[in-house]
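Colleague: fold the following, please.
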Amino acid sequence: MKTDDAEAINEILGYLQTIAIELPQAVTEPDQMQPIAPAISDAVIAAELAQLPAENELFVYRQFRVYCGLADQIPNTLREITRLRELTFRVMQEGSGLAVDTDKFDATYTHLLAWDTENQKIVGGYRLGKTDELLATQGADSVYLSKMFEFDSAFYSGSPMLEIGRSFVVPDYQKNHASLFLLWVGISQYIIKRPRYRRVYGVVSMSRLYNATTLATIRNALVETDADVTPKAPYDPDLGSTWSSFAGDTHPLDMKLVSNLVRALESGERDVPVLIRHYQKLGARFVSAAVDSSFNNTPGLLLSLHVPSMPQKYLKQYLREGAADYVAYQAD
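Modeller: Residues are numbered from 1 along each chain as shown. As a prediction, the model looks like this:
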């Protein structure tokens, strides 16, 4: 489908505006959520980060530093990360509804964060899971996304995979274009030091701030079903035969077209979620969709990205001077 086929786009838009789609029922409504936990002192966090080994500092840009650490290395910082995750997710009508957003996986995953040294504030973060080590030592239940999907052994075959998730940028930094840049340079530098990880995968959630038809459209436009993945709580809303005829066999649909539909359905208030657009630009495929019962029944798209195949522009932007060696790496 061409992005400039105005007549077809107007027809499908008119159709989408007439159909009724429902979102999965929220587990916790806003008035049932616990108060957000008290903040950890900025000075305590700064001191904890300063004590990390040098190799845990991944990137420096202006007044920002990107670090990684395990739970026992940064206990206070991790507590603040879980508090900020819950605060940020609630703005998007997601989150656990508890005082902090945490689970058993925080203890075994690596935590990546961007820190503003000038203002002594956490900018945002990701949670990283080394699936080869987790599966070998603790089994399938040690991987967070096994709560949402059944993965065939073929999904994990080949080079090891790094699970990325629980991404957030705190509200005060969401308009700062450097925020996502910092986090992705951090992820890339983490991978460069562990070049066996050629693929990353994770779920990008879709906020209830969007109407249900919009989310159904994004899901049906972008997901290319992978036979090696089975969602435990599938998110597969039926948009009917008119949509099927419009989309045809073309998956994923052109992002510009999807963006036009989303902006129209949302009356110009919202576009395709930033992270979905970001992953798509990097070359990610969206291979399944499910409802996360641990995340207030929020629908999410499962992405898979082969890092060495990212467009050259982004390899240079994020992997920087290590890009060539990383791409050329051959496992023993």
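
Colleague: mind showing which ranges of the chain have poor pLDDT?
Modeller: The chain contains residues with pLDDT under 70 at 1-4, 332.

Colleague: just want the most central residue of it.
Modeller: Closest residue to the average C-alpha location of the chain: Val204 at 3.7 Å, with Cα atoms, centre = their mean.

Colleague: which SS class is it?
Modeller: strand (DSSP: H, G, I helix; E, B strand; the rest coil).

Colleague: now do the same contact list for it.
Modeller: Taking Cβ atoms under 8 Å, 6 or more residues apart in numbering, we find Val204 in contact with Ser167, Pro273, Leu275, Ile276, Tyr279, Gly300, Leu301, Leu303. In this view, the C-beta of every residue, glycine as well, is placed from N, C-alpha and C.

Colleague: try it again with 7 Å
Modeller: Residues near Val204 by Cβ atoms under 7 Å, 6 or more residues apart in numbering: Pro273, Leu275, Ile276, Tyr279, Gly300, Leu301, Leu303.

Colleague: buried stuff in the helix or strand harbouring Trp184?
Modeller: Assessed by DSSP states H and E, Trp184 sits inside helix 178-192. Across helix 178-192, burial judged by 16 or more other Cβ atoms under 10 Å covers 179-192.

Colleague: over to stretch 208-217?
Modeller: In stretch 208-217, counting by 16+ other Cβ under 10 Å, buried: Arg208, Tyr210, Asn211, Ala212, Thr213, Thr214, Leu215, Ala216, Thr217.

Colleague: and the residues you listed, which is closest to Val307?
Modeller: Closest approach to Val307 among these (Cβ to Cβ): Leu215, at 27.6 Å.

Colleague: tell me which stretches of this protein form strands.
Modeller: 57-61, 64-69, 110-116, 121-130, 149-151, 161-169, 199-205, 229-231, 285-292, 298-306 (DSSP state E).

Colleague: which of the ones you listed sits closest to Trp243?
Modeller: Judging the strands of the chain by Cβ to Cβ, what sits closest to Trp243 is strand 285-292, at 15.3 Å.

Colleague: number of nearby residues for Ser245?
Modeller: Residues within reach of Ser245, counting by other Cβ atoms under 10 Å, total 10.

Colleague: measure the residue nearest to His251 when sequence neighbours are not counted to Asn297 for me?
Modeller: Spatial nearest neighbour of His251, excluding adjacent residues (Cβ to Cβ, 6 or more residues apart in numbering): Glu224 at 4.9 Å. Per Cβ to Cβ, to the nearest Å, Glu224 is found 24 Å from Asn297.

Colleague: I'd say the residue nearest to His251 and Leu253 touch.
Modeller: No. Here Glu224 does not reach Leu253: they are 10.6 Å apart, not a contact under Cβ atoms under 7 Å.

Colleague: so these two - more neighbours on which side?
Modeller: Counted by other Cβ under 10 Å, Glu224 and Leu253 do not tie: Leu253 has more neighbours, with 19 against 11.

Colleague: close enough to count as contact, the more buried one and Asn220?
Modeller: No. The criterion here is Cβ under 7 Å, and Leu253 misses it with Asn220 at 8.7 Å.

Colleague: now for these two: what residues contact both?
Modeller: Shared contacts of Leu253 and Asn220, counting by Cβ under 7 Å, 6+ apart, come down to Ala247.

Colleague: ok, back up a step: any chance you could list what contacts the helix holding Trp184?
Modeller: Residues contacting helix 178-192 (Cβ under 7 Å, 6+ apart): 58-59, 61, 64, 66, 68, 112, 114, 123-124, 126, 128, 162, 164, 169, 173, 197, 278, 307, 318-319, 322, 326.

Colleague: now the buried members of those residues.
Modeller: 58-59, 64, 66, 68, 112, 114, 123-124, 126, 128, 162, 164, 169, 173, 197, 307, 318-319, 322, 326.

Colleague: how far off centre is the longest helix seen in the chain?
Modeller: If you go by DSSP state H, the chain has its longest helix at helix 75-91. Here helix 75-91 is found 16 Å from its chain centre; the criterion is Cα atoms, centre = their mean, to the nearest Å.

Colleague: contact partners of it?
Modeller: Contacts for helix 75-91 (Cβ under 7 Å, 6+ apart): 33, 36-37, 39-40, 44-45, 48-49, 71, 95-96, 98, 100-102, 106, 111, 113, 122, 125, 166, 168, 170-171.

Colleague: equivalent analysis for stretch 149-157, please.
Modeller: Residues from elsewhere that reach stretch 149-157 (Cβ under 7 Å, 6+ apart): Thr131, Leu135, Asp228, Val229, Thr230, Pro231, Lys232, Ser288, Ala290, Leu302.
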